[in-house]
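Undergrad: A predicted structure for the sequence below; I have some questions about it.
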2 protein chains.
Amino acid sequence: LNPLAERLLQGDRRALARAITAVENGGPERAEILRAVHGHGGQAHVVGITGAPGAGKSTLVAGLAGRMRDAGARVGVIAVDPSSPFSGGALLGDRIRMGTGEGLFIRSLASRGHLGGLSRATGDVVRLLDAAGFDVILLETVGAGQGEVEIMRLAHTTVVVSVPGLGDDVQAFKAGILEIGDIFVVNKADLPGANQTARDLMAMLALGAPRPQGAWRPPVIQTAAVKGDGLDQLRQAIADHGRFLRESGRWAERAAADARRRFEEAVAEAALRRVQAQAEASGAWQQALAAVETGRVDPFTAAERLLEATVREATPR
Amino acid sequence: LNPLAERLLQGDRRALARAITAVENGGPERAEILRAVHGHGGQAHVVGITGAPGAGKSTLVAGLAGRMRDAGARVGVIAVDPSSPFSGGALLGDRIRMGTGEGLFIRSLASRGHLGGLSRATGDVVRLLDAAGFDVILLETVGAGQGEVEIMRLAHTTVVVSVPGLGDDVQAFKAGILEIGDIFVVNKADLPGANQTARDLMAMLALGAPRPQGAWRPPVIQTAAVKGDGLDQLRQAIADHGRFLRESGRWAERAAADARRRFEEAVAEAALRRVQAQAEASGAWQQALAAVETGRVDPFTAAERLLEATVREATPR
């Protein structure tokens, strides 16, 4: 067993932080650590919190984390939003809201250049926090871009945060994100126009495709995260959605689909590694690469030829 | 040769649109089309335009496309921003700015669910527009999220758009995006505070890591896209950066790195396809998958075992 993974599974926080860094760096240790934590976890509720900059997401996340911890949960926070204060070091007010100690872990993924892409890196960190026994993982992202939507797929429950009074211009993405929201929050509900924003949201949700019987109906919740208003309702709605996923079988379906995707990824990577090692030894890799780089052969044809040659070579007559 | 690709290379616009859809859908036709266009293109200058919603990116893109076309260039526009008016159908004013006809092609990638991820889909569309002979490809994204940064890596030149008077809150991402900007634009420069915003930007750029001799120094350009002010300076700065990349050898380096990445991706995919076909025929794939889904074996170990078995089976004794 990987020693870092072993200590992580025993609840060692420094080992968790170091394991995350190792996994982010990629390479053989990534597979080794993820392999070692396999079979642990599977219980963490991954909750995405998304919304435009200025919607107060970080304070909402901090307040929510505090309430969840009060209720006895261990909470991990992953900030994928480069403008999040968690990316630098949380603001004092947010620190106080969240509390400190063993039941809380914060990690920012705002630095660039993750091998294999940001959504893979985020998925890896989710797996490690899950294996380390966190009950809830809060994933904070700016929901504005399509790239973010890919990251939000990692969440069981997606909370879309808006605020009264932000121009249509800034909230225009709301239309695009309407279908991925499981829970809608109107934060800063003490500002004028909060009821109207909530009504608008409910109207937009009602206009969408009709939901079949037994489907989840996204609630719209008003919060004032700075004061703590509405946070318990939000915590309750998140728990309700988690129960809905488990009882409807969706939680298990998701886990199976996730396992399948990771298996295929592992086969593709391991196969690439083998072919590359064999073809580099014979010089065929370098030849194929040179042909692709100079434009003489397209990558697909070069890959097929390389595989043909590799299989032939591995098959003694 | 793929008939769609053949017509695309002859300049058929409908074939281009259909090829993009086919490539977005993935599957064997993706490889077939990309294979067929290989060796064509390589000359298109890919320019990313990024900035917060409300910064006027779409109008800037439209005005810039218009000026580039006036200068004789064929211009492709890819909108990855779901709030972009190009995603629905450009606003009338922007339509007029861009003009119409053969020298312009607009595509929105705002719909969700691209196989292999949005940044791969965007890269594919860039390749097709390049092969179809477009001189410039303008890539419009919301720069707010980390997922977007991955997409911006596709650009040769990254233009970061800000505006005077947007709160610090909304522009906070600027700090994170400062290093990826090759050109900075203060749009809506007719609003009060434009000079101050430009000065702030120049100060932030000067504070960054010292740039070695011969390095590119990002200019800060003020524009008022609605009136057309500053667009020619911006077009010139983009052309200057393109020349810098070519003369410094960076353009060629990028192209080689891109070819290498696509080759590795093609080997991994082709190897996965072969292993899966062989292992599905023997039932080994289904067994391994069941073991992973139920949590009995981790994906990495299952992948290694499957590959061992596949190689043994392919090697007659």
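TA: Now that the structure is in, tell me what you want to look at.
Undergrad: Could I get the buried residue list for the host helix or strand of residue A:60?
TA: Taking DSSP states H and E as the definition, one finds residue A:60 inside helix A:57-70. By neighbour count, and taking 16 or more other CB atoms under 10 Å in any protein chain shown as the criterion, the buried residues in helix A:57-70 are A:57-69. Heads up, the C-betas are built off the backbone N, CA and C, glycines and all.
Undergrad: out of those residues, who's nearest residue B:38?
TA: Using CB to CB, residue A:57 is the member of the buried residues of helix A:57-70 that sits closest to residue B:38, with 43.6 Å.
Undergrad: hang on, isn't the closest one packed against residue A:51?
TA: Yes: checked against CB atoms under 8 Å, the pair residue A:57 and residue A:51 is within contact range at 5.3 Å.
Undergrad: Tell me which stretches of the stretch 1-150 of chain A form strands.
TA: With DSSP state E, counting those that start in this stretch applied, the stretch 1-150 of chain A shows strands at A:45-51, A:75-79, A:104-108, A:136-142, listed in chain order.
Undergrad: Put the alpha carbons of the last one into CSV.
TA: I take that to be strand A:136-142. Provided in CSV are the C-alpha atoms of strand A:136-142 (Å, rounded to 0.1, in the frame of the first residue of the first chain):
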residue,chain,number,x,y,z
VAL,A,136,-20.0,16.5,2.4
ILE,A,137,-17.8,18.0,-0.3
LEU,A,138,-18.6,21.5,-1.3
LEU,A,139,-17.3,22.4,-4.8
GLU,A,140,-17.3,26.1,-5.5
THR,A,141,-17.0,27.2,-9.2
VAL,A,142,-17.9,30.2,-11.3
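Undergrad: Output the contacting helices and strands for it.
TA: strand A:45-51, helix A:57-70, strand A:75-79, helix A:118-131, helix A:146-152 (3 or more CB pairs under 8 Å, 6 or more residues apart in numbering or on different chains; DSSP states H and E).
Undergrad: wait, which of those is closest to chain B?
TA: helix A:146-152 (2.1 Å; CB to the nearest CB).
Undergrad: Quick check: next helix or strand after the closest one?
TA: strand A:157-162.
Undergrad: How about the contacts made by the residue nearest to residue A:133 when sequence neighbours are not counted?
TA: Taking CB to CB, 6 or more residues apart in numbering or on different chains, and ignoring the residues beside it in sequence, residue A:133 has residue A:74 as its nearest neighbour in space, at 6.3 Å. Residues touching residue A:74, when contacts are defined by CB atoms under 8 Å, 6 or more residues apart in numbering or on different chains, comprise A:102, A:103, A:104, A:133, A:134, A:135, A:136.
Undergrad: got a list of what the first one touches?
TA: For residue A:102, the contacting residues are A:11, A:13, A:74, taking CB under 8 Å, 6+ apart as the criterion.
Undergrad: What pLDDT does the model give it?
TA: Residue A:102 is assigned 79 on the pLDDT scale.
Undergrad: The fourth one too?
TA: At residue A:133, the predicted lDDT confidence score is 94.
Undergrad: How many residues are close by residue A:119?
TA: Applying other CB atoms under 10 Å in any protein chain shown, we find 24 other residues in the vicinity of residue A:119.
Undergrad: Distance-wise, check it relative to residue A:179.
TA: For residue A:119, the distance to residue A:179 equals 19 Å [CB to CB, to the nearest Å].
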